[in-house]
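Chemist: need a 3D model of the following:
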Amino acid sequence: MKRANRTNGEIVFDWANNIFMLLICFITLYPIWYILINSFNEGSDAMLGGIFWWPREFTTENYQAVFANAGLMKSFGITIARTFIGTVTNVLFTAMVAYPLSKERLMGRKLYITMGTITMFFSGGLIPGFLLFKNLGLLDSFAVYIIPSLFNFFNLIIFVNFFKEIPSALEESASIDGANDILIFLRIILPLSKPVLATIALFTGVYHWNDYFSGVIYINNPDLQPVQTFLYRIVAESGSTQMMAAATNVVKTTTSLSIKLSTMVITTFPIICVYPFLQKYFVKGMLIGAVKE
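Modeler: This next block holds a predicted model:
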């Protein structure tokens, strides 16, 4: 219940706290708004500057130029396929590994967990990883997006902690009825693990959607680059010659900057729209099993 009488200090604190939070929200959101309004402004006019709140010369020509580039559509297809396949395979594979590790009776369980924990803090490095992928034939292959990300030890810890909270009596009764470990995992454990499955799927899906580094390092074929790598290369290449060449066939007023801003909006718009609705699952995923191992 809200108290009727409040001291002057409490009132000042509340006002100061609200103003501070509004300032933080403004600092966080304004860069996104600035990119959005400039992407809808005529390119040559935007080069003059002075656009801070609303487009000065509204136009959709920048987006027409972006969508005229066939490479963007291909990269969107690669990203969608990668996100779906990578998320499904990662969730299932990590759950399969986590289930036996959640059992105290597993021989060598502590050794496996110790080895996995070490990999969270130390890795082989970029060059050894590149040479490994090269020897495995993963370079310039769609599989380089899927196979290396099949397993994540941080996600495994979340799975293990959740599986430990499932009553062992359910598994014992199923084993008495003749079910083996695989059947118990598929018919009992997975259906009861929908919250953690959704949480890990969100973690993995956001990673696959936002990852550009894999496409930069391991992919040379432009037909296999994801949309974030496509965006990175447009921003990194100062002239954006290929994009501007496509743009000149559509409109005359676009610039390299307006193309970059429009591409940034297009590639980040889906995840920005989805994330607020999924935020609660991210928070829940971080809390699952947080009290005990």
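
Chemist: who's in contact with P100?
Modeler: Each residue near P100 by C-beta atoms under 8 Å, 6 or more residues apart in numbering is listed here: L106, D181. C-beta here means a position set from N, CA and C on the backbone, and glycine is covered the same way.

Chemist: mind listing what's buried along the helix or strand where it lies?
Modeler: Assessed by DSSP states H and E, P100 sits inside helix 70-101. Applying a neighbour-count criterion of 16 or more other C-beta atoms under 10 Å, one finds 71-72, 74-76, 78-79, 82-83, 86-87, 89-91, 93-95, 97-99, 101 buried in helix 70-101.

Chemist: now the element after it, going C-ward?
Modeler: Counting by DSSP H and E, what follows helix 70-101 is helix 109-121.

Chemist: list the helices and strands that next one packs on?
Modeler: Secondary-structure packing of helix 109-121 (3 or more C-beta pairs under 8 Å, 6 or more residues apart in numbering; DSSP states H and E): helix 70-101, helix 153-164.

Chemist: relative to helix 70-101, how tilted is that helix?
Modeler: Helix 109-121 runs at 150 degrees relative to helix 70-101, counting by axes from the mean of the first three to the mean of the last three C-alpha atoms, to 10 degrees.

Chemist: off-centre distance for helix 109-121?
Modeler: 24 Å (C-alpha atoms, centre = their mean, to the nearest Å).

Chemist: contacts for that helix?
Modeler: Contacts of helix 109-121 (C-beta under 8 Å, 6+ apart): L101, K103, L106, F153, F154, L156.

Chemist: quick check: closest non-adjacent residue to the fifth one.
Modeler: Spatially, and ignoring its direct neighbours in sequence, F154 is nearest to M120 (6.4 Å; C-beta to C-beta, 6 or more residues apart in numbering).

Chemist: what's the burial count for the one you found?
Modeler: For M120, the neighbour count with other C-beta atoms under 10 Å is 11.

Chemist: doesn't S123 lie inside a strand?
Modeler: No - using DSSP: H, G, I helix; E, B strand; the rest coil, the assignment for S123 is coil, not a strand.

Chemist: please name the nearest non-neighbouring residue to it.
Modeler: G129 (7.6 Å).

Chemist: and the residue nearest the centre of the chain, how close does it get to I271?
Modeler: By C-alpha atoms, centre = their mean, the mean C-alpha position of the chain lies nearest to V206, the distance being 1.9 Å. To I271, V206 is 7 Å away according to C-beta to C-beta, to the nearest Å.

Chemist: and what of V88?
Modeler: Distance from V88 to I271, by C-beta to C-beta: 18 Å.

Chemist: how about F76?
Modeler: 13 Å.

Chemist: do the same with L29
Modeler: 15 Å.

Chemist: comparing the two, which residue is more hemmed in?
Modeler: When L29 and I271 are compared for neighbours, I271 comes out ahead with 15 against 10, by other C-beta under 10 Å.
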